[in-house]
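J.: 3D model of this:
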Amino acid sequence: MKQETGKTAMELIHIFMISEAKNLLRLGEKGVAEIAYELGFENASYFTRLFKKQTGMKPLEFRKSQMN
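T.: Model prediction:
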């Protein structure tokens, strides 16, 4: 996988999960912890760190940026 894409399988899974999280955050119907658990994260703070690493902002910052 890494030879073809330059990313590990886990990195690709995280990219997909963050993409799904962005969609859910845009809808604004669920809280960050609820989204984290829905996507399979047992720890909402780990989800937040991963989200920030991928996007450069925390989930709530992302949600606010989408409402402008």
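
J.: From now on I want contacts and neighbour counts done on CA atoms only, so please keep to that.
T.: Fine.

J.: other SSEs contacting the helix or strand harbouring residue 26?
T.: Here residue 26, judged by DSSP states H and E, is contained in helix 9-27. In terms of contacts (3 or more C-alpha pairs under 8 Å, 6 or more residues apart in numbering; DSSP states H and E), helix 9-27 is packed against helix 32-38, helix 44-55, helix 59-66.

J.: Now that helix: buried residues?
T.: By 16 or more other C-alpha atoms under 10 Å, the buried positions in helix 9-27 come out as 14, 15, 17, 18, 21, 22, 24, 25, 26.

J.: Would you check how far apart residue 60 and residue 66 are?
T.: 10 Å (C-alpha to C-alpha, to the nearest Å).

J.: same deal with residue 43?
T.: Distance from residue 43 to residue 66, by C-alpha to C-alpha: 24 Å.
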